[in-house]
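Chemist: Any chance you could fold what I've pasted below:
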Amino acid sequence: MDALTRERTLIGAEDNAALDLEPAQRPTKDEAMAAVRTLLAWAGDNPDREGLLDTPERVVEAYGEWFAGYHGDPAKELSRTFEDVQGYDDMVMLRGIDVQSHCEHHMAPFLGKAWVAYMPTGKVVGLSKLARLVEIYAKRLQTQETMTMQIADAIEDHLSAAGVAVLIDAEHQCMSTRGVKHHDVSTITTQFRGVFKTDKVLQQRFMDLVKK
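Modeler: So this is what the prediction gives:
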């Protein structure tokens, strides 16, 4: 069970359990394309005009890429570790991982960067797996706060790390292209676990490396 299914179901928050809701059955590709045609008509255009004839299929294919994280398995990505690290016991950090996600409230993109660090306890994971972990959670309908926690939870749970630090800095297009329409406003979320939470010097080292 990954951090998403532990903290909330695929269709919402914990209160869904109280409502006894089941995950929605996935529609067919044709049904999804029909839904896109409906949205095109609702927007005020004609789905049958030449420029829009192939749009439903393109949108469905794009959704397959944008939301591929629902089919990813964080536990699997973090399952292969290496213990031959010659006693290395300091911070392992990836800086500037691309974040391309969509907010669950408006389905608008939010784009930014993630910084992820952990303190190993005798084993490390391949660096690409940390980037892949971020990608799995990003390619779902998300809130930035939830995603930050999910990444930290997964590393803490599957690597038995002595500490985990996660920072995400992203700009939300649901805020910049609609509503208040404020541009160049970024949102920063953080999670500190274990020694990164208790050791303020270590936490500051992480933040200094983020700003470097």
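Chemist: Do a quick rundown of the helices in the protein.
Modeler: Secondary structure of the chain by DSSP state H: the helices cover 3-7, 15-18, 29-43, 55-66, 74-77, 127-138, 144-159, 173-176, 195-198, 200-211.
Chemist: List just the one of those helices that sits closest to residue 118.
Modeler: helix 144-159 (5.3 Å; Cβ to Cβ). From N, CA and C alone the C-beta is placed, and that goes for glycine too.
Chemist: what helices or strands is that closest one leaning on?
Modeler: Contact partners of helix 144-159 among helices and strands, from 3 or more Cβ pairs under 8 Å, 6 or more residues apart in numbering; DSSP states H and E: helix 3-7, helix 74-77, strand 92-103, strand 109-119, helix 127-138, strand 163-172, strand 186-194.
Chemist: which ones are touching residue 79?
Modeler: Neighbour list for residue 79: residue 158 [criterion: Cβ atoms under 8 Å, 6 or more residues apart in numbering].
Chemist: State the distance from it to residue 154.
Modeler: Taking Cβ to Cβ, to the nearest Å as the criterion, residue 79 is separated from residue 154 by 11 Å.
Chemist: Helix or strand with the lowest mean pLDDT in this protein?
Modeler: helix 15-18 (a mean of 43; mean pLDDT, DSSP states H and E).
Chemist: returning to what we had before: relative to residue 120, which of the helices of the chain is closest?
Modeler: Among these, helix 144-159 sits nearest to residue 120 (Cβ to Cβ), with 7.2 Å.
Chemist: Centre of the chain to the closest one, how far?
Modeler: 9 Å (Cα atoms, centre = their mean, to the nearest Å).
Chemist: Run the angle between that helix and strand 163-172 for me.
Modeler: With axes from the mean of the first three to the mean of the last three Cα atoms, to 10 degrees applied, the angle from helix 144-159 to strand 163-172 works out at 150 degrees.
Chemist: which parts of helix 144-159 are buried?
Modeler: Buried residues in helix 144-159, counted by 16 or more other Cβ atoms under 10 Å: 144, 146-159.
Chemist: now swap in stretch 174-183 and tell me
Modeler: 174-176.
Chemist: Stretch 56-74 too?
Modeler: 56, 59-60, 66, 69, 72, 74.
Chemist: ok, now which ones touch the most centrally placed residue in the chain?
Modeler: Centroid-nearest residue in the chain: residue 138, 2.3 Å away (criterion: Cα atoms, centre = their mean). Contacts for residue 138 (Cβ under 8 Å, 6+ apart) come out as 69, 99-101, 147.
Chemist: now swap in residue 48 and tell me
Modeler: So residue 48 contacts nothing (Cβ under 8 Å, 6+ apart).
Chemist: and if you look at residue 185?
Modeler: 171, 175-176.
Chemist: Go again with 10 Å.
Modeler: Each residue near residue 185 by Cβ atoms under 10 Å, 6 or more residues apart in numbering is listed here: 171-172, 175-176.
Chemist: which of the residues you listed sit farthest apart?
Modeler: 171 and 175 (7.9 Å).
Chemist: For residue 86, give me the pLDDT.
Modeler: Per-residue confidence (pLDDT) for residue 86: 78.
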